[in-house]
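Undergrad: Structure for this input, please:
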Amino acid sequence: MIKKAVENKVFENGTIDGYMVAAIDGTKFFGSNKKSCSDCLKITKGKTTYCFHSGAVMSTVGIGPKLVIGFEMYKPGQDAESKDEGELNVAKRLLSSTMSHNGLMDVVVYDALACNSLWINHYRDLGIDAIVRAKNNNNKSLRLAKKAANKTEAVEVWVDEQGFEKVEVYMSTFTMDNVEQPLRFVKFAIKHKNNLRTQIMIITTCMETTLKTLFKIIRARWDIELNFQ
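TA: Predicted coordinates for the structure are as follows:
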């Protein structure tokens with residue numbers, strides 16, 4: 001199916017502003033209190049053992065069909081049970097295995113689990129750009145980047161952008177601890193038409209991509225949440 005999509009130039013114009021954008025998300029494939037196999041993950045509560053299969057899925061997001069590019073399963077005894085460590089380990093294998101699909105990914109977007117140097121360096125080693133949600137963590141360089149952005153004036157202000165009343169964009173460039181190349185930190189402060197205020201914060205290796213395109217990409221990540229959960 002992937003080969004045919006490439007041959008038929010289904011994504012000739014990309015999925016978002018000319019970029020081929022894919023997203024990764026963790027999901028559970030199967031669970032049962034009765035059926036199991038040697039590759040099942042297991043949770044025991046009292047006398048009941050729940051067996052299940054979990055993994056990570058990658059699909060295109062944005063305009064056009066939502067093509068599943070690949071998936072990778074948790075491996076018992078190899079991947080940690082905790083979401084942070086286990087899912088990231090699975091996602092790294094998934095990203096590496098899908099690099100054989102030449103031209104099918106320019107940018108890969110992931111949630112805040114990937115807001116760390118190990119994941120960013122993995123992208124860089126594979127020669128692909130990353131956009132990940134930023135979160136509150138112990139990375140000193142990221143905390144400083146947030147403070148720097150918050151102390152500046154908005155670099156762009158959009159009115160009535162994608163259905164919002166107003167979006168103010170703040171940005172700083174920084175070098176993350178244990179990452180050699182610089183990154184962009186971007187905060188989108190959103191005022192909704194019902195006066196609710198929210199924000200989206202990202203870090204990205206995309207140093208030249210327009211801020212409006214970055215906004216479209218991080219919002220398009222919800223495609224994988226809606227279609228594969």
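Undergrad: Which parts of the chain are helices?
TA: For the chain, the helices defined by DSSP state H cover 2-7, 83-97, 117-126, 140-150, 211-220, 222-228.
Undergrad: what's the shortest one in contact with?
TA: To tie it back to what came earlier, the one meant is helix 2-7. 11, 65, 67, 69, 101, 103, 104 (CB atoms under 8 Å, 6 or more residues apart in numbering). Where C-beta positions appear, they are placed from N, C-alpha and C, glycine not excepted.
Undergrad: Throw together a ChimeraX command that grabs the buried residues out of the residues you listed.
TA: To isolate the buried subset of those in ChimeraX, counting by 16 or more other CB atoms under 10 Å, use the following:
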select :11,67,69,101,104
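Undergrad: could I get the contacts of helix 2-7 as TSV with pLDDT and distance to residue 218?
TA: Supplementary listing: the contacts of helix 2-7 in TSV, determined by pLDDT from 0 to 100; distance: CB to CB, whole Å:
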residue	pLDDT	distance to residue 218
11	84	19
65	84	21
67	89	20
69	90	19
101	77	22
103	71	22
104	82	20
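Undergrad: Can you check the pLDDT for the residue in the chain sticking out farthest from the centre?
TA: Note on the chain: the largest C-alpha distance from the chain mean falls to residue 47, namely 37.6 Å (CA atoms, centre = their mean). Note on residue 47: pLDDT of 85.
Undergrad: give me every residue that touches it.
TA: No residues are in contact with residue 47 under the rule CB under 8 Å, 6+ apart.
Undergrad: hang on, the earlier thing: and residue 38, which of the helices of the chain is closest to it?
TA: Proximity to residue 38 (CB to CB) singles out helix 83-97 among the helices of the chain, at 17.8 Å.
Undergrad: Which pLDDT does the model give residue 29?
TA: Residue 29 is assigned 85 on the pLDDT scale.
Undergrad: Quick check: nearest residue in space to it, chain neighbours excluded?
TA: residue 53 (4.5 Å; CB to CB, 6 or more residues apart in numbering).
Undergrad: What segments of the chain are strands?
TA: 21-32, 41-45, 48-60, 68-73, 107-110, 129-133, 156-159, 166-174, 183-191, 197-204 (DSSP state E).
Undergrad: With distance to residue 212 as new columns, can those be given to me in a markdown table?
TA: Formatted as a markdown table, the strands of the chain follow (distance: least, CB to CB, whole Å):
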| stretch | distance to residue 212 |
| --- | --- |
| strand 21-32 | 14 |
| strand 41-45 | 41 |
| strand 48-60 | 20 |
| strand 68-73 | 25 |
| strand 107-110 | 14 |
| strand 129-133 | 14 |
| strand 156-159 | 7 |
| strand 166-174 | 9 |
| strand 183-191 | 10 |
| strand 197-204 | 13 |
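Undergrad: For burial, what's the neighbour tally of residue 207?
TA: 11 (other CB atoms under 10 Å).
Undergrad: hang on, the earlier thing: dump the contacts of helix 2-7 to JSON lines, plus distance to residue 159.
TA: Shown next, in JSON lines, are the contacts of helix 2-7 (distance: CB to CB, whole Å):
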{"residue": "11", "distance to residue 159": "31"}
{"residue": "65", "distance to residue 159": "32"}
{"residue": "67", "distance to residue 159": "34"}
{"residue": "69", "distance to residue 159": "36"}
{"residue": "101", "distance to residue 159": "39"}
{"residue": "103", "distance to residue 159": "36"}
{"residue": "104", "distance to residue 159": "35"}
